[in-house]
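**Q** Provide a 3D model corresponding to the input given below.
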Amino acid sequence: MSDAKNASLRLYQQLREQIQAHNHAYYTKDQPTISDYEYDQLMQQLIELEAQNPDLVSPDSPSQRVGSAPLDEFKQIRHQVPMLSLSNGFSDEDIVEFDQRLHRQLDQDSAVEFDYIAEPKLDGLAVSLMYENGRLVYAATRGDGKTGEDITHNVRTISTVPLALASSAPSQLEVRGEIFMPHAGFKALNEAHIAQGKKGFVNPRNAAAGSLRQLDSRITAKRPLAIFVYALGAISDPDYAQTQEQLLLNFKALGFPVCPLYKLVKGSEGCLDYYRGLANKREHLDYEIDGIVYKLNRLDWQADAGFIAKAPRWALAHKFPAQEKSTTVNEINVQVGRTGAITPVARLEPVFVGGVTVSNVTLHNQAEIQRLDIRVGDTVIVRRAGDVIPQIVAVNLEKRLPKSLVYEFPSHCPECGSDVLVSGEGIIARCSGGLICGAQLRQGIKHFVSRKAMDIDGLGDKIVDALVHQELISTVADLYALNFEQVLDLEGFAEKSAQNLIDSIEQSKETELARLLYALGIPQVGETTAEQLANSYGKLDKLMQADKEHLETLPDIGPVVAESIEQFFADQSNQKVVKQLFDRGVHYDDVEVVAVDQESPWLGKTVVITGGLDTMARAEAKKRLQSLGAKVTGSVSKNTDVVIVGRDAGSKALKAEQLGISTMSEAELLELLN
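**A** Next up, the predicted model:
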């Protein structure tokens, strides 16, 4: 090697060590040792040296923080150790029960106070960082807990993520943590986006998640992201730590950022004291948290306690209650749904509550407006918890304007002028315009093309609105009469995108009876009812001829639903649309009618199947259960009677346990079926 090359190598190593030391001082210790200008000069010198000597560049170079060329798509990464979620607690009693349950599971005297690590529950994106021989080899999202997205190229740009670890690190070390966007960075990012005419992000969590899912990591590099690590995945050294606290201290020693607010506490009272203390400081933190996480400190006891479904028994997330904020009502107007339902909506002065900016809140119906006595100009209290839809819970009457007017519910549809029919003491209001109402037409078409219906990719809301506005379609059947030239003439379409839409419409012609029934938008008929009707009648023409009395003999079909189905198919306009759909190529395979055993103990039971089955396909299990009169649904709720738990069962099994719903193994199911 030449003297010049040796000199370049020595300078390069020196620059790397200096920059890494400054990064550690700035990001981990929060104690910068040089000015930003001096740091930028060092980084620029490093980048220039790498440009002159490309062979020197390595994946853990500080220069790799700037991002790289866009990827075509994200790859998948299989987690060596599954990334689990957490069970939730909401009350003091839940935390006491969590502690008592652990005492029972570990066979420990209740008088013994367990040590717990309490830490903020960060509202960001969970990630896994894998290091081999001290170097970051990949980063992945949680995904479904078993497989996540490869976001290595984006994570490398985050200054607080170490690209290389000290020599004391295990040869294989996987750490888990949360990537988030601090409030100050989120505010600056949104202001910059709005100044550029772009749409702002809803909340810091969405901004962080969106930043990490960029195919172009140069965009991510410009986003103000940070990370705290808090958990261990795969590791080559089984004796790396004996406690959760030691694990966090080891992480800090290797240069990982660890939340400084974690604390070792004793017993359930120690957990609750920590919760109350941090709840009072929550508003002053520079990042979003939505609760507290408690983890049993001893790692051997964690192993003994084990797991349920997709959550550890030794940890619990204690969620904060709903957040409430005050704001004002700027106006109240109504929206018209696909079935003509008239829904009033309050337009609010935007307010940040529960992690999102809220500017619109549904008022549900006329009765709700009267109950709240809500008026334009009122100061109202808005509540939101987690992913719950925001709601107005009260009006501050002390701040009501002297000349405020009682809101008058419209008597005519704002879209077509037809009469609004109100029933059920103000609970139900509908436009009587039917197919002449443009709003109902647009909403009906948007429902028809949606993913769970006919699944026509590329037909977004704006395109549907344009098609209706230009009178290219007046029913859902008209979609199948569209041609390439008509689509190409629409704003925003080029030849390729126009052809893609035509191809997607063509592909949707081959469908299933249940999907078609759901897509038609029959009032009162959702996905589950559509499937029930398909399995009971097998063909659409048989269902169209069914009368109300016969429909009511089916499980879960009451008088209201039966009458709605009968009226829908008795309407000549609907009959014409169905005929046009078939004339234009829509088709499905007839469904084998499932005869229901009226003496079966499963009759009327609501069942959910989760996880994989070894002795039969889930579709077969579903069919056999339906033949016994069971209603097989896709989600667990308080109305579920039984959850069938197969291998690798997920969150549905956990939810069943939390709700106290009976569960059954595949072997138990087979025994009962046979």
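
**Q** And the residue lying closest to Asp92 once chain neighbours are set aside, how far from Leu285?
**A** Residue nearest to Asp92 in three dimensions, not counting chain neighbours: Leu272, with 5.8 Å by CB to CB, 6 or more residues apart in numbering. Backbone N, C-alpha and C define where each C-beta goes, glycine included. Note on Leu272: its distance to Leu285, by CB to CB, to the nearest Å, is 19 Å.

**Q** I'd like to know which elements the helix or strand harbouring the residue nearest to Asp92 is packed against.
**A** In the assignment (DSSP states H and E), Leu272 maps to helix 267-281. Contacts defined by 3 or more CB pairs under 8 Å, 6 or more residues apart in numbering; DSSP states H and E place helix 267-281 against helix 92-105, strand 115-122, strand 263-266, strand 289-296.

**Q** Run me through the strand neighbours of the second one, direction for each.
**A** Strand 115-122 has these partner strands in its sheet, going by DSSP bridges: strand 263-266 (antiparallel), strand 289-296 (antiparallel).

**Q** contacts for the helix or strand that that strand is followed by?
**A** Where DSSP H and E defines the elements, the next helix or strand beyond strand 115-122 is strand 125-132. Under the contact criterion CB atoms under 8 Å, 6 or more residues apart in numbering, strand 125-132 has outside partners 77, 79, 83, 136-142, 148, 151, 155, 161, 165, 169, 171-180, 205, 208-209, 212, 227, 229, 233-234.

**Q** if you set the cut-off to 6 Å instead, what comes out?
**A** Residues outside strand 125-132 that contact it (CB atoms under 6 Å, 6 or more residues apart in numbering): 137-140, 142, 165, 172-176, 178-179, 208-209, 212, 233.

**Q** Let's test this: name the helix or strand in this structure with the lowest mean pLDDT.
**A** Least confident helix or strand, the chain: helix 36-52 with a mean of 72, by mean pLDDT, DSSP states H and E.

**Q** List the contacts of the following helix or strand past that one.
**A** Next in sequence after helix 36-52, counting helices and strands by DSSP H and E, comes strand 76-78. With contacts defined as CB under 6 Å, 6+ apart, strand 76-78 is touched by Ala140, Thr147, Gly148, Asp150.

**Q** do that again at 8 Å, thanks
**A** Strand 76-78 has contacts (CB under 8 Å, 6+ apart) with Ser128, Tyr138, Ala140, Gly143, Lys146, Thr147, Gly148, Glu149, Asp150.

**Q** in its sheet, what does it sit against?
**A** strand 147-149 (antiparallel).

**Q** Could I get the buried residue list for the partner strand?
**A** Going by neighbour count (16 or more other CB atoms under 10 Å), the buried part of strand 147-149 is Gly148, Glu149.

**Q** And stretch 538-553, by the same measure?
**A** Buried residues in stretch 538-553, counted by 16+ other CB under 10 Å: Gly538, Leu540, Leu543, Met544, Ala546, Leu551.

**Q** how far out from the middle of the chain is the longest helix seen in the chain?
**A** Assignment by DSSP state H gives helix 3-23 as the longest helix of the chain. Centroid displacement of helix 3-23 relative to its chain, using CA atoms, centre = their mean, to the nearest Å, is 44 Å.

**Q** what sits up against that helix?
**A** Contacts of helix 3-23 with the rest of the structure, by CB under 8 Å, 6+ apart, involve 1, 32-34, 39, 42-43, 45-46, 49-50, 52-53, 56, 61-62, 159, 164.

**Q** Quick one: low-confidence residue ranges for the stretch 1-150 of the chain.
**A** 1-5, 23-32, 35-40, 59-60, 63-72 (pLDDT under 70).

**Q** Which of the strands paired with strand 115-122 sits closest to Gly306?
**A** Proximity to Gly306 (CB to CB) singles out strand 289-296 among the strands paired with strand 115-122, at 11.4 Å.

**Q** how about the strands paired with strand 115-122, which one is nearest Ala322?
**A** The nearest among the strands paired with strand 115-122, by CB to CB, is strand 289-296 at 10.7 Å.

**Q** Please write out the alpha-carbon positions of the closest one in CSV.
**A** Coordinates of each C-alpha in strand 289-296 appear next as CSV, following Å, rounded to 0.1, in the frame of the first residue of the first chain:
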residue,chain,number,x,y,z
ILE,A,289,-46.8,8.6,25.3
ASP,A,290,-50.1,6.8,25.8
GLY,A,291,-49.5,4.9,29.0
ILE,A,292,-46.9,3.1,31.2
VAL,A,293,-45.3,-0.3,30.7
TYR,A,294,-44.5,-2.5,33.7
LYS,A,295,-42.0,-5.4,33.3
LEU,A,296,-41.0,-7.9,35.9
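
**Q** List the buried residues of that strand.
**A** Here strand 289-296 shows Ile289, Asp290, Gly291, Ile292, Val293, Tyr294, Lys295, Leu296 as buried, counting by 16+ other CB under 10 Å.

**Q** Now do the contacts for the closest residue to the fifth one other than its chain neighbours.
**A** Distance criterion CB to CB, 6+ apart; nearest residue to Val293, sequence neighbours excluded, is Lys121 at 4.9 Å. Counting by CB under 8 Å, 6+ apart, Lys121 makes contact with Ile289, Asp290, Gly291, Ile292, Val293, Ala317, His318, Lys319.

**Q** Let's have the buried residues of stretch 538-553 in a markdown table, adding secondary structure and pLDDT.
**A** Shown next, in a markdown table, are the buried residues of stretch 538-553 (DSSP: H, G, I helix; E, B strand; the rest coil; pLDDT from 0 to 100):
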| residue | secondary structure | pLDDT |
| --- | --- | --- |
| Gly538 | coil | 90 |
| Leu540 | helix | 94 |
| Leu543 | helix | 94 |
| Met544 | helix | 94 |
| Ala546 | coil | 91 |
| Leu551 | helix | 89 |
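
**Q** follow-up on the earlier one: between the longest helix of the chain and helix 36-52, how many degrees?
**A** 140 degrees (axes from the mean of the first three to the mean of the last three CA atoms, to 10 degrees).

**Q** Which of the strands paired with strand 115-122 sits closest to Ile661?
**A** Nearest of those to Ile661, taken as CB to CB: strand 289-296 at 24.2 Å.

**Q** Could you point out the helix or strand that follows that closest one?
**A** With DSSP H and E, the next secondary element past strand 289-296 is helix 299-305.

**Q** what's that following helix in contact with?
**A** If you take CB under 8 Å, 6+ apart as the criterion, helix 299-305 is touched by 102, 105-106, 114, 241-244, 247, 295-296, 312-315.
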